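Participant: Whatever this is, show me its structure:
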Amino acid sequence: MVRVALFGMAAIVSFTLLSSKESLAEEGVLLSQSTSGTTGAAKKIVVARVVGEPIYQQDIISAFRALPPRVRRAGLNRHYSSLLESVIVAKMLTLYGRRLKLENDPRVKRQLKRAEDALVRDVYLGDLVRKQITDKILRDEYKILAKRNEGIEEVRARHVLLQTESKAKEIINFINTGQNFAELAKKYSIGRTASRGGDLNYFKIDEMVKPFSDAAFALKVGQVTQKPVKSDFGWHVIKLEDRRKRKMPTFEKMRPMLRQKVGQKFSNQVVSDLLAQTKVQRFSFDGKTARAAPQESVSPPAAPKPSR
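Facilitator: Predicted coordinates for the structure are as follows:
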């Protein structure tokens, strides 16, 4: 039996397996920053018109949900202006294209067929997987994770990431003279956490590169590394903010993540089982030589995330 790793399909599985209530709960905080209306109301609120054609609040929400998770963390308000302009441009180009009847163009029809195939595939796989997921399976998975994670030591740290050791030493001198660590991180750090003062939140020892983790876990709360720490990313100055034993979130809070995790596992098995009973012929790139099924994990192409 060929084992197939569904790398790139996590987004599909997570979308298909989460109920709409759970999906909205995950994004509720971000969306509540911008709209208090229901989905039905969002379909009626007009936020722009292009040649008289309306663009609804729901169109903006859909565009926001299509952004990468890291970008969505800033909230819809933060991205509203750029999203609005993007949707306006898309609507404008679509309207002008339809005036030329491009929906009948063979190129458009080919793309529509591909999109339809992807949606059929995603719904088929999602339905098969969802039928296998029970509350008991989710609770058993939760127990396994709790056993692995409950009580593990973790720390919360900030860091300033610099390109050179000399610059890192300069930052250490600034800190030793009483300057605020978070403000220095905002001003000098080249890392992605600079905007939040270098805050890395809580992590366990194997969740960061070894030189960084070793240095952070060796500190006492409130201490700062007195020598720059070198990693593949550059030179770090680290401050330990807190130390604690990890506590597992409740089962209900973990349920969406558990559904995704279990769903990915089942999707691998579903595809492997289907491949085992499906007649498949494989050939070389030139189509002349027969090829055997791969013995190692293979990754099917990623598919687009279905719209909500």
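
Participant: Measure how buried Leu275 is and give me the count.
Facilitator: In terms of burial, Leu275 registers 15 neighbours under the definition other Cβ atoms under 10 Å. Every C-beta, even on glycine, is put in place using the N, C-alpha and C of the backbone.

Participant: where do the strands sit along the stretch 201-308 of the chain?
Facilitator: Along the stretch 201-308 of the chain, the segments classed as strands by DSSP state E, counting those that start in this stretch run 229-231, 234-245, 282-283, 290-291.

Participant: Would you point to the one among those strands that's packed deepest?
Facilitator: Per residue and on average, the most neighbours among the strands of the stretch 201-308 of the chain fall to strand 234-245, with a mean of 19 (mean count of other Cβ atoms under 10 Å).

Participant: Counting by contacts, list what it packs against.
Facilitator: With contacts taken as 3 or more Cβ pairs under 8 Å, 6 or more residues apart in numbering; DSSP states H and E, strand 234-245 sits against strand 153-162, helix 165-176, strand 199-204, helix 210-218, strand 229-231.

Participant: Throw those into JSON lines and include mean pLDDT and distance to Tyr188, thanks.
Facilitator: Putting the helices and strands packed on strand 234-245 into JSON lines (pLDDT from 0 to 100; distance: least, Cβ to Cβ, whole Å) gives the following:
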{"stretch": "strand 153-162", "mean pLDDT": "96", "distance to Tyr188": "6"}
{"stretch": "helix 165-176", "mean pLDDT": "97", "distance to Tyr188": "6"}
{"stretch": "strand 199-204", "mean pLDDT": "95", "distance to Tyr188": "15"}
{"stretch": "helix 210-218", "mean pLDDT": "96", "distance to Tyr188": "18"}
{"stretch": "strand 229-231", "mean pLDDT": "96", "distance to Tyr188": "15"}
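
Participant: Got the domain ranges for the chain?
Facilitator: Dividing the chain into domains by automatic domain parsing, as the record does, gives the ranges 1-17+105-150+249-308, 33-100, 152-245.

Participant: Could you identify which of these is most buried?
Facilitator: Per-stretch averages of neighbours, counted by mean count of other Cβ under 10 Å, single out domain 152-245 among those, with a mean of 17.

Participant: what's the offset of that one from the middle of its chain?
Facilitator: Using Cα atoms, centre = their mean, to the nearest Å, the distance from the centre of domain 152-245 to the centre of the chain it belongs to is 24 Å.

Participant: again with stretch 84-94
Facilitator: Using Cα atoms, centre = their mean, the offset of stretch 84-94 from its chain centre is 25 Å.

Participant: How about residues contacting that stretch?
Facilitator: 47-48, 50-51, 53, 55, 59-60, 63 (Cβ atoms under 8 Å, 6 or more residues apart in numbering).

Participant: Let's see it as CSV, backbone CA atoms only.
Facilitator: In CSV, the C-alpha atoms belonging to stretch 84-94 read as follows (Å, rounded to 0.1, in the frame of the first residue of the first chain):
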residue,chain,number,x,y,z
LEU,A,84,-11.5,47.3,-0.3
GLU,A,85,-9.3,48.6,-3.2
SER,A,86,-8.3,45.0,-4.2
VAL,A,87,-11.9,44.0,-4.4
ILE,A,88,-12.8,47.1,-6.3
VAL,A,89,-10.1,46.4,-8.9
ALA,A,90,-11.2,42.8,-9.2
LYS,A,91,-14.8,43.8,-9.7
MET,A,92,-13.8,46.5,-12.3
LEU,A,93,-11.7,44.1,-14.3
THR,A,94,-14.4,41.4,-14.1
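
Participant: Tell me how far the most centrally placed residue in the chain lies from Phe283.
Facilitator: Central residue check for the chain by Cα atoms, centre = their mean: the C-alpha nearest the mean position is that of Pro69, 4.4 Å away. Taking Cβ to Cβ, to the nearest Å as the measure, Pro69 falls 39 Å from Phe283.

Participant: Glu183 now?
Facilitator: Taken as Cβ to Cβ, the spacing of Glu183 relative to Phe283 amounts to 62 Å.

Participant: what's the answer for Ala293, then?
Facilitator: Using Cβ to Cβ, one gets 12 Å for the distance from Ala293 to Phe283.

Participant: hang on, isn't Arg246 packed against Ile152?
Facilitator: Yes - contact between Arg246 and Ile152 holds when scored by Cβ atoms under 8 Å: they sit 4.6 Å apart.

Participant: joint contacts of these two?
Facilitator: Overlap between the neighbourhoods of Arg246 and Ile152 consists of Lys204, taking contacts as Cβ under 8 Å, 6+ apart.

Participant: picking that back up, ok, which of the helices and strands packed on strand 234-245 comes nearest Glu252?
Facilitator: strand 199-204 (21.0 Å; Cβ to Cβ).

Participant: That closest one pairs with which strands, parallel or anti?
Facilitator: Neighbouring strands of strand 199-204 in its sheet, by DSSP bridges, are strand 153-162 (antiparallel).
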